[in-house]
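> Sequence first, predicted model second:
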Amino acid sequence: MSPSIADRLRSLRPLRALAPSNRLDRDRQLRLRMLIAVGLVIALPFAFAYTFVFLVNAVGLPLLEWANERPYTGEVYVDPVVLAVVVLGGLAVQYRYGPRTVLRSVGGRRVSADEYPELHAAVTRVAAQADVPKPNVAVARTALPNAFAVGTLGDGTVVVTTALLETLDDDERDAVLAHEIAHLANRDASLMTVAWLLPTVTYYLAVLAFYVLYGLFRFLSFGGGGSGGNRDGRALAVGIVVIAVSAVLTLTVSAMFWVGSVLIHRVLSRYREYAADRAAAEITGSPAALAAALETLDETMPAVPERDLREFDGGAEALYVAPLESRAFGDEELVSTDVFPETHPPTRERVRRLRELAGETA
């Protein structure tokens, strides 16, 4: 039988007795990292835009002069106010609608208390223990046992998979829910969603530039470079050069900013997991329950069908309570885990820290 709320609150007291200065230092570290991340999330789109402006003036205009065989006076200029409106407007749209997009991407949907009474009761109980408003509850039907949170405190959503509900016991489930509610309380769930805007934009720009280059290559490989006259031949050559240079520069710059923004996203993701682990231990009073949940999820991951893993792999994997890196795809590893650092700290290290907390509260 699951312990009562009173029993949980009594078990919470020893953990609350931990040195407050240590918790304060950790909170300050998280806030500092989030402030730095917010600054980079805002600054990188400006840097991305001005990099293109520089390249247009340094490469594009000379290329235009060469193509037209006449000098070109002036330079391209972007109004900072207009750019600020575009960038901040884009971030605001991502902040508002990003959580819904993430939820749809994993096939999650909000569920009522009538559909999942035990889950709703658990979320209500854990939110009360954390002294925060109860978040919305969503469920994703998949064989992948995992959970994550999106949105802001007061209007956020905790998402769990059907496999997680089937895999974990009540205490482990509550520990995972506390971990996700901690993300909402720390406000890092919304930051992670907003921070994914630039990687999304730069990814699609890079893909577009790649297909332009691929189409140009196919055009030339089928003899598209032939011409019936000198003038027509020069015009075609100029067009090919302009398109090729533009596509290469777009691909290069987009790839560079994509790599940088994804790296920032993942580094922040790694640290926030430690903060949420400790907060979840404080909320439930049971570090061992979260440690056991992480171990169970880590052991279960290799047995998850590849289809379910691929559906959950993408921009949202940094939000999950358990990483996808323990999967076993054979020779078909996904690029996201080969090129970049993992989205989460090693599960073994997270479990070790939680066991240490359990020892402190014994």
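Happy to help now that I have it. These numbers were taken from a predicted model, which means no experiment stands behind them.
> switch to C-alpha atoms for all contacts and neighbour counts from now on
Fine.
> For stretch 87-100, which residues meet the burial criterion?
Buried residues in stretch 87-100, counting neighbours by 16 or more other Cα atoms under 10 Å, are found at 87, 90, 91, 94, 95, 96, 98, 99, 100.
> The closest residue in space to residue 167 that isn't next to it in sequence in helix, strand or coil?
Leaving aside its sequence neighbours, residue 167 sits nearest to residue 145 (Cα to Cα, 6 or more residues apart in numbering; 7.1 Å). Three-state call for residue 145 (DSSP: H, G, I helix; E, B strand; the rest coil): coil.
> what's the burial count for residue 145?
By other Cα atoms under 10 Å, the residues close to residue 145 number 25.
> same thing with the one 10 residues further on?
Applying the criterion other Cα under 10 Å, we find 12 residues in the vicinity of residue 155.
> so the residue nearest to residue 167 touches residue 164, yeah?
Yes - at 4.0 Å, residue 145 and residue 164 qualify as touching, with contact defined as Cα atoms under 8 Å.
> what about the strands in the stretch 151-300 of the chain?
Per DSSP state E, counting those that start in this stretch, the stretch 151-300 of the chain carries strands over the ranges 157-161.
> What segments of it are helices?
All helices of the stretch 151-300 of the chain, identified by DSSP state H, counting those that start in this stretch, fall at 162-167, 170-186, 188-194, 197-221, 230-284, 287-300.
> check contacts around residue 207.
By Cα atoms under 8 Å, 6 or more residues apart in numbering, the contact set of residue 207 is residue 251.
> Skipping adjacent residues, who's closest to residue 357 in space?
Spatial nearest neighbour of residue 357, chain neighbours left out: residue 287 (6.3 Å); criterion: Cα to Cα, 6+ apart.
> I'd say that neighbour and residue 279 touch.
No - applying Cα under 8 Å as the test, residue 287 and residue 279 come out as separate, 9.5 Å apart.
> So which of these two has more stuff around it?
More neighbours surround residue 287 than the other of residue 287 and residue 279, with 27 against 24 (other Cα under 10 Å).
> can you pull the contacts of the more buried one?
Under the criterion of Cα under 8 Å, 6+ apart, the neighbours of residue 287 are 278, 280, 281, 354, 355, 357, 358.
> repeat for residue 351
Contact analysis of residue 351 by Cα under 8 Å, 6+ apart lists 291, 292, 294, 295.
> SS state for it?
Classification of residue 351 using three-state DSSP returns helix.
> so how far is residue 296 from it?
Using Cα to Cα, to the nearest Å, residue 351 is found at 11 Å from residue 296.
> list residues touching both of the two?
With contacts defined as Cα under 8 Å, 6+ apart, no residue is adjacent to both residue 351 and residue 296.
> For residue 324, which three-state class applies?
coil.
> Surely it and residue 316 touch.
No - using Cα under 8 Å, residue 324 is not in contact with residue 316; the gap is 10.9 Å.
> Which of these two has more residues huddled nearby?
Higher neighbour count among residue 324 and residue 316: residue 324, with 24 against 19, using other Cα under 10 Å.
> Return the residues in contact with residue 85.
Listed by Cα under 8 Å, 6+ apart, the contact set of residue 85 is empty.
> Report the secondary structure element holding it.
Using DSSP states H and E, the element containing residue 85 is helix 80-105.
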